[in-house]
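# Build me a model:
(one chain, ligands or ions: 1)
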Amino acid sequence: MTAAFRSPAVSPVAVPGPSASGPAAPVLAAKGLSARYGQVQALAPLDFEVGSGELVAVLGPNGAGKSTLLRAILGLVATGGEVSFQGTVLPRRNPAAVASRGVVLVPEGRGIFGPMTVAENLELGAWSLGGGRRSRVAQERRLSWVFELFPRLKERLGQTAGSMSGGEQQMLAIGRALMADPKILLLDEPSLGLAPRVTEEILETLGVLNRSGLPVVLVEQRAPSALKLANRAYLLSLGRLAAVLDPREVQSHDQLAQYYFA
Ligand SMILES: Nc1ncnc2c1ncn2[C@@H]1O[C@H](COP(=O)(O)OP(=O)(O)OP(=O)(O)O)[C@@H](O)[C@H]1O
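This is a model prediction of the structure:
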């Protein structure tokens, strides 16, 4: 059973412990990335990198700025700094253009369409594959892959998404994102509201996806579970980068707590 973090009032500075070095050749690189909502700065400038084939966890208590970091990468909020993906600078305030480069977000709360069927939701995810026969072939191939990862979706193709369990809805949200042919997958708290067993099942599948070569950024409250999968972890606190952790050196809950309560 995994332990979720509590939400401590932590100081954003002077966090002890290791700082893991980044990848030699990052596929995604944010430099001096900051974000604000109106006049409120929600994320202080930070550097963030994901290497080819890496799974990077983003950890921190409620309100730390984890979702904001993902939104800033997508250009969904006002940002400062620069984000590059596969060597090209991504446009700001144009999330559709960013997604069409293969930077695909599975949002917090899943964002699936409840009244639509599983099949219709998956079809919507395939928008980026375009029209025509070739894309239909690509779509079918991706669909078979999604069914391999999540056999339950195949069993429930005609069911409305809103009538499925929370875990099944999360599988659908990930399946829909995979239909968009991502080159990197960003997930915002896929375990939210799910039982530990279902969470483990979903995180395990993310591990399979990552090992197939897909880079993953995983925002997660269940830090111990995320650290089992991650190559590196960025710890945020009060809208600042508090530490970059090497999961091999931070495994026990006690060790993790020192970063939260420092
Ligand atoms: N739309 C918004 N308008 C104004 N402030 C916002 C908005 N969304 C988030 N914030 C603020 O930005 C800060 C960071 O929020 P964010 O959602 O990124 O945190 P989080 O680490 O993802 O938290 P949680 O784990 O609770 O989802 C918080 O102080 C939050 O209140």
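
# Which positions in the stretch 101-250 of the chain make contact with the ligand?
Residues of the stretch 101-250 of the chain lying close to the ligand by C-beta under 6 Å from any ligand atom are Gln221. Heads up, the C-betas are built off the backbone N, CA and C, glycines and all.

# Could you list the low-confidence segments of the stretch 101-250 of the chain?
Scanning the stretch 101-250 of the chain for pLDDT under 70 picks out 128-134.

# hmm, try it at 90
Within the stretch 101-250 of the chain, the stretches with pLDDT under 90 are 108-112, 124-140, 192-193, 195-196, 221-225, 247-250.

# residue ranges of the strands in it, please?
103-106, 184-188, 216-219, 232-237, 240-245 (DSSP state E, counting those that start in this stretch).

# and the second one, which strands flank it?
Translated: strand 184-188. strand 103-106 (parallel), strand 216-219 (parallel) (DSSP bridges).

# Mean neighbour count and distance to Arg93 for the strands of the stretch 101-250 of the chain - can I get that in a markdown table?
Formatted as a markdown table, those follow (neighbours: other C-beta atoms under 10 Å; distance: least, C-beta to C-beta, whole Å):
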| stretch | mean neighbour count | distance to Arg93 |
| --- | --- | --- |
| strand 103-106 | 25 | 14 |
| strand 184-188 | 24 | 17 |
| strand 216-219 | 25 | 20 |
| strand 232-237 | 24 | 22 |
| strand 240-245 | 22 | 23 |
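
# in stretch 210-224, what counts as buried?
210, 214-224 (16 or more other C-beta atoms under 10 Å).

# End to end on that stretch, go ahead and measure it.
Using C-alpha to C-alpha, to the nearest Å, one end of stretch 210-224 lies 18 Å from the other.

# Figure out how far it is from the centre of its chain.
Averaging C-alpha positions (C-alpha atoms, centre = their mean, to the nearest Å) puts stretch 210-224 7 Å from its chain's average.

# what do you get for stretch 81-95?
For stretch 81-95, the distance to the chain centre is 17 Å (C-alpha atoms, centre = their mean).

# Dump the strands paired with strand 184-188 to TSV, plus distance to Asn94.
As requested, the strands paired with strand 184-188 are exported to TSV (distance: least, C-beta to C-beta, whole Å):
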stretch	distance to Asn94
strand 103-106	11
strand 216-219	19
